[in-house]
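Undergrad: need a 3D model of the sequence below.
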Amino acid sequence: MKQTQQWSAALYDGRHNYVARYGGALLAWLNPSAGERILDLGCGTGDLTAQIAQTSAEVIGVDANAEMLALAREKFPSLRFVQADAMALPSFDCPFDGVFSNAVLHWIPDLTRVATGLARSLRPGGRFVAECGGAGCNAGITGMLARVAGEHGFAFLDTGHFRPLTEIVAPFEAAGFRVTRTEWFPRDTLLDGPDGMLNFLRMFRRGCVVGISEAEQETLFAETVARLRATHLRADGWHADYTRQRLLCVRM
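TA: You can find the predicted model right below:
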């Protein structure tokens, strides 16, 4: 059975803005300049798209989720946002100088299709910069939810694809990119508020448990939160066990 990640734009923007806040550091790898054409792949609610626009680059934000894009357009009405699947990018009027992607690749099942589309969208010498979850990202949280679901007789199918770096690099090299820089690092992340772990599950793990109602999902989430208290709740609040990896490659 194919599972699809479910998103809430309001919850993403209101309680998980650390995704864009941490992603801002990746802009130094992109290093956009005035007049360049930049594609923000998986732009979400547009915060990093707006930061790129502040460099006077011409930027287009692309996301598959209509709810995310509606909020992005409301927040940044002067910017251009396009609804499109990263695995089936449309043809644009002229090639881009750079493509930026934060916290997106781990939600995409087929990176070969992404790499092929980006090779078509970038000019020769254009760069692709991405950060995504690394192997083992949120393994403690996801593993506990899977265990709780199994104990209740429910199937668990993870919607995330937290790959080792070699599995991310390979499809881009095959599509004609030269990888020039990579980085992997753990990033323990403080979640927002006393209900931070519950909101994390609601935001990023909805759709992983097969064939249940919203009420049953909430019950599973509550039980998972209770069991995670011993490992993920500290004096300053709830923490998520993130790992991150970054990629910079150039279209040949």
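
Undergrad: now the phi/psi pair for residue 148, please.
TA: Here is the backbone geometry of residue 148 (degrees, to the nearest 10): phi -60, psi -40.

Undergrad: cool, and residue 83?
TA: Taking degrees, to the nearest 10, you get phi -90, psi 120 for the backbone angles of residue 83.

Undergrad: go ahead and confirm it touches residue 69.
TA: Yes. Residue 83 is in contact with residue 69 according to CB atoms under 8 Å; the separation is 5.6 Å. Placement of C-beta: from N, CA and C, glycine included.

Undergrad: so between these two, which is more surrounded?
TA: residue 69 (22 against 14; other CB atoms under 10 Å).

Undergrad: let me see the ranges of the strands in this structure.
TA: 37-41, 58-63, 80-83, 96-102, 122-133, 177-190, 233-234, 237-251 (DSSP state E).

Undergrad: circling back to that earlier point, who touches both of residue 83 and residue 69?
TA: residue 63 (CB atoms under 8 Å, 6 or more residues apart in numbering).

Undergrad: before we move on, back to that, got the strands of the chain as JSON lines, with distance to residue 220 columns?
TA: Shown next, in JSON lines, are the strands of the chain (distance: least, CB to CB, whole Å):
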{"stretch": "strand 37-41", "distance to residue 220": "32"}
{"stretch": "strand 58-63", "distance to residue 220": "28"}
{"stretch": "strand 80-83", "distance to residue 220": "31"}
{"stretch": "strand 96-102", "distance to residue 220": "29"}
{"stretch": "strand 122-133", "distance to residue 220": "22"}
{"stretch": "strand 177-190", "distance to residue 220": "22"}
{"stretch": "strand 233-234", "distance to residue 220": "18"}
{"stretch": "strand 237-251", "distance to residue 220": "17"}
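
Undergrad: closest to residue 216 out of these?
TA: Residue 216 lies closest to strand 237-251 among the strands of the chain, at 22.7 Å (CB to CB).

Undergrad: angle of that closest one against strand 177-190?
TA: Angle of strand 237-251 versus strand 177-190, following axes from the mean of the first three to the mean of the last three CA atoms, to 10 degrees, is 170 degrees.

Undergrad: counting by contacts, list what strand 237-251 packs against.
TA: For strand 237-251, the packing partners by 3 or more CB pairs under 8 Å, 6 or more residues apart in numbering; DSSP states H and E come out as strand 122-133, helix 139-151, helix 165-174, strand 177-190, helix 196-204, helix 214-232.

Undergrad: that one pairs with which strands?
TA: Sheet pairing of strand 237-251 (DSSP bridges) gives strand 122-133 (antiparallel), strand 177-190 (antiparallel), strand 233-234 (antiparallel).

Undergrad: mind listing what's buried in stretch 106-124?
TA: Residues 106-108, 111, 113-119, 121-122 are the ones in stretch 106-124 that count as buried (16 or more other CB atoms under 10 Å).

Undergrad: appreciated, that's everything.
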